[in-house]
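1. Here's a sequence, model it:
(one chain, ligands or ions: 1)
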Amino acid sequence: MTSSKAVKQVVVVGGGTAGWSSAALLIKLMGKAVQVTLVESEDIGIVGVGEATIPPIMNFNAALGLDEKAFLQQTKATIKLGIQFENWRQKGDSYMHAFGAIGKDFPFCDFNHFWQRSQQLNMGFDFWDFSLAYQAAIKNKFGKLERIEGVNLPGLSYAYHFDAGLYAGFLRKYSESLGVKRIEGKIQQVLLDDISGDITTLVLENGTKIAGDLFIDCTGLHALLIDKTLNTGFEDWSHWLPADSAMAVPCESVQPIIPYTRAIAHNNGWQWRIPLQHRIGNGFVYSSKYCTDEEAQQILLANLDGEPLAQPRKISFRTGRRLKQWHRNVVAVGLSSGFLEPLESTSIHLIQSAVLRLLKFFPNNGICPADRDEFNRQSKVEFEQIRDFIILHYKLTERTDSQFWRDCKHMAIPDSLQRKIDLFRNTGRVFREQDELFTEIAWQQVMLGQGLVPQDHHPLVNALSAEQLRELLDNLKAIMAVTSDKLPLHDEFLRRICAA
Ligand code: FAD
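-> Purely as a prediction, here's the structure:
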């Protein structure tokens, strides 16, 4: 049974990226209709990682009406044009999941088919010759560019790297200015309604009581409401994604500041390098089945660009998702709703997408079970699609130099992913499922980058002679090279922003 009480008091529990993102969007869009209170505990603190994002963050920032310059300055952000995967296919090999378009869009037939045909004809083009984001990234260039001048092609798609603590602070200032009430304190007790089982009140250590109609659980890995209070089940995916730990440490910046994330595979895990204006965020992601904490720490410290700025810190997690992201009158947002390792920087996106979804389904006169079920269905599909994309990187490895990589290569994978791999291997085709986060181009880059070579291409490509195909590809390659050459250096872009 669910309360038919209208939702007037929303209580956000937790003040990390999830908490302040939720509070900010709710107050911005629902501010006149509801009261938003946020409770957080400085003693408990935030997880403090989570600094690389993907382009949909632009939609979230736009919904808040944020000023990009202020955002870049105050969160010490840098630009991200993609993720470079090093040593994933083989040691010494590297490819990028670059954002935005590759080549030119053709009706009925993706650009990769043209490139595949050129490969068969030994024309010597690299797939990433046609990615503006990749060409800019490797030259350390960035400038805002919506379209490429003179030709009908899209410009640069980008995201950010930012300091997680400063981002939470930035959103806090924004939310409080619009009327979010913040309460400091540790929750000691959670009171439930005897009949509905809904949460009614939070009791803090100092005795303060906070009542609410709808609770957003943003307590991170603590999952205080959705799990510890409501015991919502969890679907474990560690048989596909075995990492359960990360060792994180910031280090000093080095020049130039690169406009992309690096994901570097080692023998028994992988390392992230996230360049910010004032430091580099580093972490090593591993499974305790294959690597001890001491080894993880050693690998991490031996692979830093600059001097470490703190002691390495271990974070433990469990991969999978909460069976219901919305249970009774609690909506879990952020790490409390589930965890997927940060290989494709998807967690902050999942937060922002969950809050946007909650707004679409915002209860009017009480919580409608049909709304809640549909919210949960959509959240499940979203998590599963991202899960498959992440598994893809491991499954397609050609590495056999350690037990970890051999096990990844030989593991059974979800049917949904197997279908995608089979289709691409046979025909070079890949289709974005409805509303799926990752585009065909993202899938193509990872599949090609990991060495999955399609056996065929679309017959439309054969309408071009070899000379016409070469001319088309030569032109596109030149456009990407010339356009990226003309962009300012990323460092220069940041200097201009920070000086403003
Ligand atoms: P937290 O930041 O942990 O916040 C939890 C909040 O709940 C805190 O304010 C805490 O005080 C409060 N709280 C908890 N219990 C209580 C209580 N009893 N009383 C009062 N308050 C309480 N995401 C990305 O998008 N990109 C990345 O590159 C990325 N890298 C990651 C690397 C690692 C190793 C991990 C573990 C995660 C990474 N993520 C990444 C995910 C990202 O860190 C999180 O999605 C993001 O930080 C949001 O965290 P959160 O707000 O859910 O939790």
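
2. how much space is there between the residue most central in space within the chain and Pro250?
-> The centroid of the chain falls nearest to Thr346 when counting by C-alpha atoms, centre = their mean (1.7 Å). Separation of Thr346 from Pro250 (C-beta to C-beta, to the nearest Å): 22 Å. From N, CA and C alone the C-beta is placed, and that goes for glycine too.

3. Would you map out the domains in this structure?
-> The chain breaks down by automatic domain parsing into domains covering 9-77+162-239+318-385, 245-316.

4. Show me the one of those that comes nearest Leu487.
-> Ranking the domains of the chain by proximity to Leu487 (C-beta to C-beta) places domain 245-316 first, at 10.1 Å.

5. Residue ranges in this structure under the pLDDT threshold?
-> Residue ranges of the chain with pLDDT under 70: 1-4, 500.

6. Now for Gly15: which residues touch it?
-> Neighbour list for Gly15: Leu38, Val39, Glu40, Ile46, Ala168, Arg172, Arg182, Cys218 [criterion: C-beta atoms under 8 Å, 6 or more residues apart in numbering].

7. repeat that for 6 Å
-> Glu40 (C-beta atoms under 6 Å, 6 or more residues apart in numbering).

8. swap in the one 3 residues further on?
-> By C-beta under 6 Å, 6+ apart, the contact list for Ala18 reads Cys218, Val333, Gly334, Ile351.

9. Pretty sure the third one sits against Ile351.
-> Yes - the criterion here is C-beta atoms under 6 Å, and Gly334 meets it with Ile351 at 5.0 Å.

10. Tell me which of those two has more neighbours.
-> Gly334 (29 against 25; other C-beta atoms under 10 Å).

11. Any chance of a markdown table for the domains of the chain, columns distance to the ligand?
-> Below are those laid out as a markdown table (distance: least, C-beta to the nearest ligand atom, whole Å):
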| stretch | distance to the ligand |
| --- | --- |
| domain 9-77+162-239+318-385 | 2 |
| domain 245-316 | 3 |
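
12. What is the distance between stretch 33-44 and the centre of its chain?
-> 24 Å (C-alpha atoms, centre = their mean, to the nearest Å).

13. End to end on that stretch, go ahead and measure it.
-> Taking C-alpha to C-alpha, to the nearest Å, stretch 33-44 runs 31 Å from one end to the other.

14. Please apply the same query to stretch 53-70.
-> Across stretch 53-70, first to last residue, C-alpha to C-alpha, it's 17 Å.

15. List the contacts of that stretch.
-> Counting by C-beta under 6 Å, 6+ apart, Ala24, Lys28, Phe99, Ser157, Ala159, Tyr160, Ser345, Ile348, His349, Gln352, Ile497, Ala500 sit against stretch 53-70.

16. And stretch 94-112, by the same measure?
-> By C-beta under 6 Å, 6+ apart, stretch 94-112 touches 55, 81-86, 130-131, 133-134, 154, 157, 440-442, 444-446, 449, 458, 460, 476.

17. Strands - which of those residues land there?
-> With strands taken from DSSP state E, the overlap with those comprises Gly82, Ile83, Gln84, Phe85, Glu86, Pro154.

18. Show the backbone phi and psi for the closest residue to Leu241 other than its chain neighbours.
-> Excluding its sequence neighbours, the residue lying closest to Leu241 (C-beta to C-beta, 6 or more residues apart in numbering) is Thr319, at 4.5 Å. Torsion angles at Thr319 (phi, psi; degrees, to the nearest 10) stand at phi -80, psi 130.

19. and Thr319, how many neighbours does it have?
-> By other C-beta under 10 Å, 21 other residues sit near Thr319.

20. So which bits of the lengthiest helix in the chain are buried?
-> Secondary structure of the chain per DSSP state H: the longest helix is helix 369-395. Across helix 369-395, burial judged by 16 or more other C-beta atoms under 10 Å covers 372, 375-376, 378-380, 382-395.

21. Let me see the ranges of the strands in the stretch 1-150 of the chain.
-> With DSSP state E, counting those that start in this stretch, the ranges of strands along the stretch 1-150 of the chain come out as 9-13, 35-40, 78-80, 82-86, 94-98, 147-148.

22. Serialize those to TSV and add fields for mean neighbour count and distance to Gly124.
-> What follows is the strands of the stretch 1-150 of the chain, written out as TSV (neighbours: other C-beta atoms under 10 Å; distance: least, C-beta to C-beta, whole Å):
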stretch	mean neighbour count	distance to Gly124
strand 9-13	25	55
strand 35-40	23	56
strand 78-80	27	29
strand 82-86	24	22
strand 94-98	23	17
strand 147-148	14	23
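
23. With distance to Gln418 added, can I get those strands in TSV?
-> Below are the strands of the stretch 1-150 of the chain laid out as TSV (distance: least, C-beta to C-beta, whole Å):
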stretch	distance to Gln418
strand 9-13	39
strand 35-40	42
strand 78-80	30
strand 82-86	21
strand 94-98	21
strand 147-148	37
